[in-house]
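*Asks:* I would like the atomic coordinates for the input below:
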Amino acid sequence: MNGSSLRFVDTQIAQSSLSLLAEQGFHLWDTTADKTPWLSLVNLSLSQPNDVETQLQRYPGKHQIALLEPEQTELASIAMQCGVQDYLLLPIDENQLCSLLQRLRRLELPNNELICAAPVSRQLLMLAHRAAMTEATVLLTGESGTGKEPLARYIHRHSNRADQPFIAINCAAIPESILESILFGHVKGAFTGASNDQAGKFELANNGTLLLDEIGEMPLLLQAKLLRVLQEREVERLGSHKSISLNIRVIAATNKDLRQAVKDGSFRQDLFYRLDVLPIKILPLRQRREDILPIAEHFLQRYKMLAADQPCYFSEPARNLLLSHDWPGNVRELENTIQRALVMRRGQAIQAEELGLASTASEQLNSPNELGLKASKRHAEFQYIIDTLKRNNGQRNRTAEALGMTTRALRYKLVQMREQGIDIDHILSQSGHAA
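*Replies:* Numbering: from 1, shown residues only. From the prediction side, this is the model:
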């Protein structure tokens, strides 16, 4: 049963621990086996920083865990950068080891919707598992389209609240005038048009998880009210003075640099610290290229109905192009690309030209996202917004003024653009006008 084999490198483990592991279906790796072990636990406590990568390469495994002394924080950081999924402190604690092994096993369950082939993605999933086991507020950061909402759902599914509601709200996609009512609810007569009582998202998510997506776009006035709800763990519907107690897990997500937003005065510092309890950063797809083909294959199966359920696959040139593309729109852009390729394909093998991607890095800024902007009246409008953002160095207030619209309206337009797979932040950073 090689799939659950363990290799302990340069460390001793008590017989009682071995017995406990055996009861859970684990066994020591056979040194004569041809295959690599399911898990290598490598003792790095005597290693120098320059030797860590070599030591890890010497003892491969499907999963790798570093063993370290409590004070070796620098080695822990280096080991994580080299691809280990986690680390344990010496001497090995039986309970921590068993908990770690169970988390690793859960990563391989067939209903796992998150595809994590890259080492850095497996580290991310391990961190998500740790987050799920706590009640701490989580702040997910990353570019548009990297998968912040799926990761939030993953945390919810693996938490003690899994059988309770998961409610998501996009703070940038809802007009400011009604966002407060949608978040906190209202009673009949609270404002013009409030013809009946309405529960807000906080109430609907009670005992479960609430995802506040695009939290960086929330107006300052509403940020103050949100902070009070998070502090007091109770909410009042608009027009009511009755407090409703909350037992809720909050996950916030943003593609903005909230620390910079705090400095700029567009985000409250006290709210930032309230949200930034357990920060998790999701890297863009171009920084975890090992994930690209597995995710592409996943979408190929999900949308095979677009190919009339006929078998199809990527040609070698198509696979190479998928790997070389920078994916400014991240997973969302990849998903749209696969759907388009399934419609455009002429045979079972999807060819590189049927992907509709630029073939070289120098063409990226004028490829699918920006070239497609001119394909329709809406896309022309999007292109005009991008040009205006560039002229105003990415500053949204000045851009909104130049466009003759409110800042809120501009935010809504930017949300629409992101939903089309257009990564505004990436485009602006490439042109030297990052906001």
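*Asks:* who touches stretch 402-416?
*Replies:* For stretch 402-416, contacts defined as CB atoms under 8 Å, 6 or more residues apart in numbering pick out 170, 172-173, 175-176, 214, 217, 219, 381-382, 384-385, 388, 391-392, 396-397, 399-400, 424. Placement of C-beta: from N, CA and C, glycine included.
*Asks:* which PyMOL command selects the buried ones in the residues you listed?
*Replies:* In PyMOL syntax, the buried subset of the contacts of stretch 402-416 is picked out as below (16 or more other CB atoms under 10 Å):
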select buried, resi 170+172+173+176+214+217+219+382+385+388+392+396+399+400+424
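*Asks:* tell me which of the contacts of stretch 402-416 fall in helices.
*Replies:* Judged by DSSP state H, the subset of those located in helices is 176, 381-382, 384-385, 388, 391, 396-397, 399-400, 424.
*Asks:* which members of the residues you listed are the farthest-apart pair?
*Replies:* Farthest-apart pair in the ones in helices among the contacts of stretch 402-416 is 176 and 391; separation 25.4 Å (CB to CB).
*Asks:* isn't residue 144 right next to residue 331, touching?
*Replies:* No - Residue 144 lies out of contact with residue 331 (CB atoms under 8 Å); the separation is 9.9 Å.
*Asks:* return the helix or strand in the chain with minimum mean pLDDT.
*Replies:* Using mean pLDDT, DSSP states H and E, helix 368-371 stands out as the lowest-scoring helix or strand of the chain, at a mean of 41.
*Asks:* how about the backbone phi and psi for the most centrally placed residue in the chain?
*Replies:* For the chain, the residue nearest the mean C-alpha position is residue 148 (3.3 Å; CA atoms, centre = their mean). Main-chain dihedrals, residue 148, degrees, to the nearest 10: phi -70, psi -40.
*Asks:* kindly report the same for residue 225.
*Replies:* Dihedral pair for residue 225: phi -70, psi -40, per degrees, to the nearest 10.
*Asks:* show me where pLDDT drops low in the stretch 1-150 of the chain?
*Replies:* 1-3, 12-14, 16, 24, 32-34, 106-113 (pLDDT under 70).
*Asks:* give me the neighbour count for residue 265.
*Replies:* Using other CB atoms under 10 Å, residue 265 has 9 neighbouring residues.
*Asks:* ditto for residue 58
*Replies:* 11.
*Asks:* residue 178 too?
*Replies:* Using other CB under 10 Å, residue 178 is surrounded by 12 other residues.
*Asks:* could you pull out the helices for the stretch 251-400 of the chain?
*Replies:* Under the criterion DSSP state H, counting those that start in this stretch, helices of the stretch 251-400 of the chain are mapped to 258-264, 269-275, 292-302, 316-324, 330-344, 368-371, 377-391, 396-403.
*Asks:* buried stuff in the fifth one?
*Replies:* Under the neighbour-count criterion of 16+ other CB under 10 Å, helix 330-344 has 330-338, 340-342 buried.
*Asks:* one more: the first one?
*Replies:* Residues 258, 261-262 are the ones in helix 258-264 that count as buried (16+ other CB under 10 Å).
*Asks:* just to revisit the earlier point, nearest to residue 38, of the helices of the stretch 251-400 of the chain?
*Replies:* Nearest to residue 38, of all the helices of the stretch 251-400 of the chain, is helix 292-302, at 19.2 Å by CB to CB.
*Asks:* re earlier: wouldn't the residue nearest to the centre of the chain be in contact with residue 142 here?
*Replies:* Yes - between residue 148 and residue 142 there is a contact under CB under 8 Å: 5.8 Å.
*Asks:* can you give me the neighbour number for residue 54?
*Replies:* Using other CB under 10 Å, residue 54 is surrounded by 10 other residues.
*Asks:* sorry, slip of the keys, the one I care about is residue 320.
*Replies:* Other residues close to residue 320 by other CB under 10 Å number 13.
*Asks:* show me the contacts for it.
*Replies:* Residue 320 neighbours (CB under 8 Å, 6+ apart): residue 352.
*Asks:* how much space separates it from residue 47?
*Replies:* Plainly put, residue 320 is 37 Å away from residue 47 if you go by CB to CB, to the nearest Å.
*Asks:* ditto for residue 405
*Replies:* Residue 405 is 58 Å from residue 47, by CB to CB.
*Asks:* more neighbours, those two?
*Replies:* Taking other CB under 10 Å, residue 405 and residue 47 do not tie; residue 47 has more neighbours (21 against 15).
*Asks:* thinking again about what came up before, quick check, nearest of the buried residues of helix 330-344 to residue 159?
*Replies:* Distance to residue 159 across the buried residues of helix 330-344 (CB to CB) is lowest for residue 331, with 22.9 Å.
*Asks:* tell me if I'm right that residue 300 and residue 310 touch.
*Replies:* No - applying CB under 8 Å, one finds residue 300 not in contact with residue 310, separated by 11.6 Å.
*Asks:* ok, those two, which is more surrounded?
*Replies:* residue 300 (19 against 11).
*Asks:* ok, that one to residue 354 distance?
*Replies:* Distance of residue 300 to residue 354, given as CB to CB: 13 Å.
*Asks:* now swap in residue 127 and tell me
*Replies:* Distance from residue 127 to residue 354, by CB to CB: 37 Å.
*Asks:* next: residue 335.
*Replies:* Distance from residue 335 to residue 354, by CB to CB: 16 Å.
*Asks:* what sits against residue 152?
*Replies:* Counted by CB under 8 Å, 6+ apart, residue 152 has contacts 138, 140, 166, 168, 209, 211, 251, 253.
*Asks:* same question for residue 208.
*Replies:* Residue 208 sits next to 156, 161, 164-167, 248-249 when contact means CB under 8 Å, 6+ apart.
*Asks:* if anything else comes up later, I'll come back, but that's it for now.
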